[in-house]
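>>> Just the structure for this:
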Amino acid sequence: MAMPQNDCVHCSYKHILLPLAYSIVFVLGLLLNGAMLWLCCCHTKEWTCTTIYLVNLAVADLLYIFSLPLLIINYAMQDIWLFGELLCKMVRFLFYNNLYGSILLLTCISVHRFLGICYPIRSLAYKTRKLAVIGTAVSWILVFIQVLPSLIYAHTGFINNRTVCYDLTSPDNFSNYYLYGMVLTVSGFLCPFLIILICYCLMIRSLIQTTGKTNLTSSAARAKSIRTILLVCGLFAVCLAPFHVTRAIYLYVRVHQKDDCRLLQGATLFYKIWRPLVGLNSCFSPLFLKTPICLFKLSPSWKQPGVTTS
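Purely as a prediction, here's the structure:
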């Protein structure tokens with residue numbers, strides 16, 4: 001049965017914006033994550049806890065990136081989906097799997113660094129590769145449980161006699177999806193973000209308190225930690241937070257204010273703009289968090305006597 005498209009919503013701009021944005025994410029993400037994975041897997045002799053987390057981040061990014069050509073073709077062809085029901089579900093699932101997997105792994109890295117800076121001696125027993133593997137496994141299990149309903153909600157349908165792959169779910173199912181979308185925002189984004197924010201606030205306080213009491217090597221490590229804190233916060237501010245805010249507004253308007261054409265057009269516009277931009281976290285995270293660490297590990301001059309990496 002053909003579903004009529006809401007007359008208030010005109011999304012012709014996405015046929016130019018989305019193919020272009022996804023193409024940029026695909027090229028940059030493939031190069032950066034591929035290079036990082038190659039460096040860490042082929043040239044890193046000893047994997048640390050951080051390396052384990054970051055390699056898992058790269059794998060999550062690459063799984064999402066490999067699905068982008070389907071979306072690029074879909075939007076370039078004016079929203080005509082050619083790849084069947086199963087691939088429609090997998091594309092939507094991989095997007096959310098990467099998104100919330102990245103957030104949880106960033107949370108693991110933040111807690112790991114928080115313990116190393118604020119409790120450097122007492123945390124040694126907890127900063128082991130075995131616990132890092134357990135942490136990544138638990139993260140993936142939680143993410144799978146969180147995003148599993150997306151396989152049910154995402155499916156193909158017909159609009160104006162054309163086969164489409166719904167972004168979130170079909171228009172007649174938005175009321176049911178609304179509750180799931182809000183729960184996913186709280187559990188997948190807001191709670192991890194609060195944990196990261198608390199860790200980084202405590203880390204900054206600890207780093208400020210130790211200023212002037214450390215040697216040159218420790219000062220360099222402190223500066224590196226502060227840069228990492230700012231970069232992760234920037235990643236949330238630029239990519240992750242705007243997407244979740246605009247998606248929450250979009251869902252609310254679609255369910256509760258759908259008769260207000262101007263409001264619905266604005267909410268749709270901002271959501272459609274930020275949806276591809278959130279994929280930039282697949283490019284920024286290896287650029288700022290992963291590749292530099294692997295390069296440091298390749299450089300014999302980076303390690304100082306008595307200094308260990310984690």
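>>> Which residues are in contact with Phe174?
Contact partners of Phe174, counting by CB atoms under 8 Å, 6 or more residues apart in numbering, are Leu168, Leu251, Arg254, Val255. Every C-beta, even on glycine, is put in place using the N, C-alpha and C of the backbone.
>>> Grab the nearest non-local neighbour of the last one.
What that stands for is Val255. Tyr178 (4.7 Å; CB to CB, 6 or more residues apart in numbering).
>>> Give me the secondary structure label for the one you found.
Following DSSP: H, G, I helix; E, B strand; the rest coil, Tyr178 is assigned to helix.
>>> from what I can see it touches Ile249, true?
No. The pair Tyr178 / Ile249 is not scored as a contact, 11.9 Å apart, by CB atoms under 8 Å.
>>> Could you point out which residue ranges in this structure have low pLDDT?
Residue ranges of the chain with pLDDT under 70: 1-11, 210-222, 224, 285, 287-310.
>>> Can you check which helix is longest in it?
The residue-count maximum for a helix in the chain (DSSP state H) belongs to helix 84-118.
>>> and that one, which residues are buried?
Using 16 or more other CB atoms under 10 Å as the test for burial, helix 84-118 gives 88-117.
>>> gap between that helix and the chain center?
5 Å (CA atoms, centre = their mean, to the nearest Å).
>>> circling back: can you flag the buried ones in the contacts of Phe174?
So, by 16+ other CB under 10 Å, the buried ones in the contacts of Phe174 are Leu168, Leu251, Arg254.
>>> Out of those residues, which is nearest to Ile196?
For these, the residue nearest Ile196 by CB to CB is Leu251; the value is 24.0 Å.
>>> buried stuff in the helix or strand hosting the closest one?
Using DSSP states H and E, Leu251 maps to helix 241-256. Neighbour counts over helix 241-256 (16+ other CB under 10 Å) mark Ala241, Pro242, Phe243, His244, Thr246, Arg247, Ala248, Ile249, Tyr250, Leu251, Val253, Arg254 as buried.
>>> Pull the contacting residues for the first one.
Looking back up the chat, that one is Ala241. Here Ala241 is in contact with Phe189, Phe193 (CB under 8 Å, 6+ apart).
>>> Could you rerun that using 7 Å?
The contact partners of Ala241, by CB atoms under 7 Å, 6 or more residues apart in numbering, come to none.
>>> swap in the second one?
Taking CB under 7 Å, 6+ apart as the definition of contact, the neighbours of Pro242 are Trp274.
>>> Distance of it relative to Ala35?
27 Å (CB to CB, to the nearest Å).
>>> How about the fifth one?
In this structure, Thr246 lies at 31 Å from Ala35, with CB to CB as the measure.
>>> hang on, Leu17 in a helix?
Yes. Checked against three-state DSSP, Leu17 lies within a helix.
>>> thinking Leu63 is in contact with Leu94, fair?
Yes. The criterion here is CB atoms under 7 Å, and Leu63 meets it with Leu94 at 5.4 Å.
>>> Point to the residue nearest the middle of this protein.
Geometric centre of the chain, nearest residue: Leu99, 3.3 Å, by CA atoms, centre = their mean.
>>> ok, now which ones touch that one?
Counting by CB under 7 Å, 6+ apart, the residues that Leu99 touches are Val278.
>>> start to end distance for stretch 58-78?
This stretch, stretch 58-78, spans 31 Å end to end (CA to CA, to the nearest Å).
>>> so where do the strands sit in the stretch 51-200 of the chain?
156-159, 162-165 (DSSP state E, counting those that start in this stretch).
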